[in-house]
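[1] the sequence and its predicted three-dimensional model are supplied below.
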Amino acid sequence: MVLDFHRLIVTLMIVALSEALISRHFESMVHLNDKLYIADPLKATETDSLISCAMLCGEGCIVFSFNQEKMKCRLYNSVWFFTTNITGWKTYLYEMEFRHPKDCLTVYNKGAISSGVYTIYPYEKSHPYYHPVSVFCDMETAGGGWTAIQRRDLFSIDFDRDWTDYRIGFGSVPFEYWIGNDVIYTLTKERTSALYVRVKFQYHMDDWYQIYGQFSVSDEGSNYTLSLEDPGNGTLGDMSFCNASGMGFVANQGWQLGGWWFSNRTCLFLNANFFFMNHLTFINVTSTSMLIRVN
């Protein structure tokens with residue numbers, strides 16, 4: 001009887017130690033305990049411990065579940081659809097990415113489905129500009145997970161700013177802001193990102209929008225040159241960029257047009273003050289937003 005008690009104590013100590021070690025890199029998803037994913041896991045196997053199960057959660061794995069009684073391990077690539085009730089399972093989320101999410105798509109994949117203000121970490125810790133960035137995440141438009149790099153709805157903030165302001169960003173999240181050209185560069189470099197442009201005109205009930213399949217900007221040394229390809233569905237057409245792909249970013253020209261990638265055509269400048277123009281026609285705009293998401 002005493003031996004069995006000692007074994008129980010040792011077992012509990014091992015479990016506690018294992019969970020302490022796991023907590024350094026994984027977040028315990030208590031609300032997913034005693035549930036299993038309804039779809040097939042990436043891998044299902046027997047393991048000798050919680051730590052062994054965690055070590056199997058490598059490339060492509062963001063969640064693992066472990067059953068201490070049955071010594072079974074399951075690996076998953078999503079936190080969605082844990083709906084099958086079955087006792088004995090504990091679930092853990094890999095935090096190296098999700099504790100410091102790079103963008104709103106990462107936040108969305110963690111399970112945040114409500115639009116609002118979140119903190120993202122676009123930069124590596126070794127980067128000289130490293131800092132957390134507050135941003136509005138649109139979790140409802142076209143599948144969700146969109147990072148808002150620009151938003152305007154009050155027109156109370158002056159967007160006719162200098163180069164430095166546009167580089168580091170300015171404004172008030174979530175109302176009116178520019179996230180910063182260096183953040184945009186960091187979010188879009190070496191990744192294929194889509195751009196969703198949305199504009200609301202006065203006296204028009206519906207939003208006008210345009211989706212581009214590929215959007216990126218270069219670094220500051222190349223003047224944040226715009227690369228824009230694969231225009232998809234939408235009602236704006238190229239009204240907001242007017243063949244500006246390949247143009248460098250320009251700021252503080254004193255024209256009240258804000259910073260932008262100006263081409264040789266008069267366009268719908270989303271960062272302009274007081275008015276927006278399209279083919280020399282003044283248009284009243286009540287709100288704008290520019291959203292990006294990794295494809």
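    Nice, thanks for sending it over. Keep in mind it's a predicted model, so treat the numbers as computed, not measured.
[2] quick one: residue 249 and residue 225 touch, right?
    Yes - at 7.5 Å, residue 249 and residue 225 qualify as touching, with contact defined as Cβ atoms under 8 Å. (Glycine included, C-beta is placed from N, CA and C.)
[3] need the helices for the stretch 1-150 of the chain, in chain order.
    Under the criterion DSSP state H, counting those that start in this stretch, helices of the stretch 1-150 of the chain are mapped to 2-22, 50-55, 95-98, 104-110.
[4] which residues do residue 249 and residue 225 both contact?
    Common contact partners of residue 249 and residue 225 (Cβ atoms under 8 Å, 6 or more residues apart in numbering): 217, 261.
[5] more neighbours, the two?
    Ranked by neighbour count (other Cβ atoms under 10 Å), residue 249 and residue 225 place residue 249 first, with 22 against 18.
[6] how far away is the more buried one from residue 41?
    Look at residue 249 and residue 41: by Cβ to Cβ, to the nearest Å, they are 45 Å apart.
[7] what sits against the spatially most central residue of the chain?
    Taking Cα atoms, centre = their mean, the centroid of the chain lies closest to residue 104, which sits 1.8 Å from it. Applying Cβ under 8 Å, 6+ apart, we find residue 104 in contact with 118, 120, 135, 137, 138, 139, 145, 146, 147, 148, 293.
[8] what's opposite the closest residue in space to it that isn't next to it in sequence in the beta bridge?
    Computed as Cβ to Cβ, 6 or more residues apart in numbering, the closest residue to residue 104 that is not its neighbour in sequence is residue 137, at 3.6 Å. Listed by DSSP bridges, the beta-bridge partners for residue 137 are residue 116, residue 147.
[9] residue 137 and residue 91: what is the separation?
    The gap separating residue 137 from residue 91 is 24 Å, by Cβ to Cβ.
[10] which of those two has more neighbours?
    Higher neighbour count among residue 137 and residue 91: residue 137, with 27 against 24, using other Cβ under 10 Å.
[11] so the more buried one touches residue 110, yeah?
    No - using Cβ under 8 Å, residue 137 is not in contact with residue 110; the gap is 11.1 Å.
[12] pLDDT below threshold where in this structure?
    Residues of the chain meeting the criterion pLDDT under 70: 1-25, 80, 95-99, 266, 274-283.
[13] contacting residues for residue 112?
    Residue 112 neighbours (Cβ under 8 Å, 6+ apart): 118, 137, 139.
[14] next, it: phi, psi?
    For residue 112, the backbone dihedrals are phi -80, psi 110 (criterion: degrees, to the nearest 10).
[15] how near is it to residue 291?
    From residue 112 over to residue 291 the distance is 16 Å, taken as Cβ to Cβ.
[16] could you do residue 102 as well?
    On the measure of Cβ to Cβ, residue 102 and residue 291 end up 15 Å apart.
[17] neighbour count winner among these two?
    Shown here are residue 102 and residue 291; by other Cβ under 10 Å, residue 291 has more neighbours (26 against 19).
[18] mind telling me what element the more buried one is part of?
    Using DSSP states H and E, residue 291 sits in strand 285-294.
[19] can you list the buried residues in that strand?
    Within strand 285-294, the residues that qualify as buried are 285, 287, 288, 289, 290, 291, 292, 293, 294, counting by 16 or more other Cβ atoms under 10 Å.
[20] let's have those in CSV, adding distance to residue 79.
    Output for the buried residues of strand 285-294, formatted as CSV (distance: Cβ to Cβ, whole Å):
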residue, distance to residue 79
285, 38
287, 32
288, 32
289, 27
290, 28
291, 22
292, 23
293, 18
294, 18
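[21] from those, which is closest to residue 66?
    residue 294 (29.9 Å; Cβ to Cβ).
[22] residues touching the closest one, list them.
    By Cβ under 8 Å, 6+ apart, the residues touching residue 294 are 103, 105, 191, 192, 193, 194.
[23] please redo it, this time with the cut-off set to 6 Å
    Listed by Cβ atoms under 6 Å, 6 or more residues apart in numbering, the contact partners of residue 294 are 105, 191, 193.
[24] just residue 208 next, same as before
    Here residue 208 is in contact with 199, 235, 236 (Cβ under 6 Å, 6+ apart).
[25] can you turn the buried subset of the residues you listed into a selection I can paste into ChimeraX?
    Command for ChimeraX, covering only those of those found buried under the criterion 16+ other Cβ under 10 Å:
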select :199,236
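[26] from the contacts of residue 208, which is closest to residue 162?
    For the contacts of residue 208, the nearest to residue 162 is residue 199 (25.2 Å; Cβ to Cβ).
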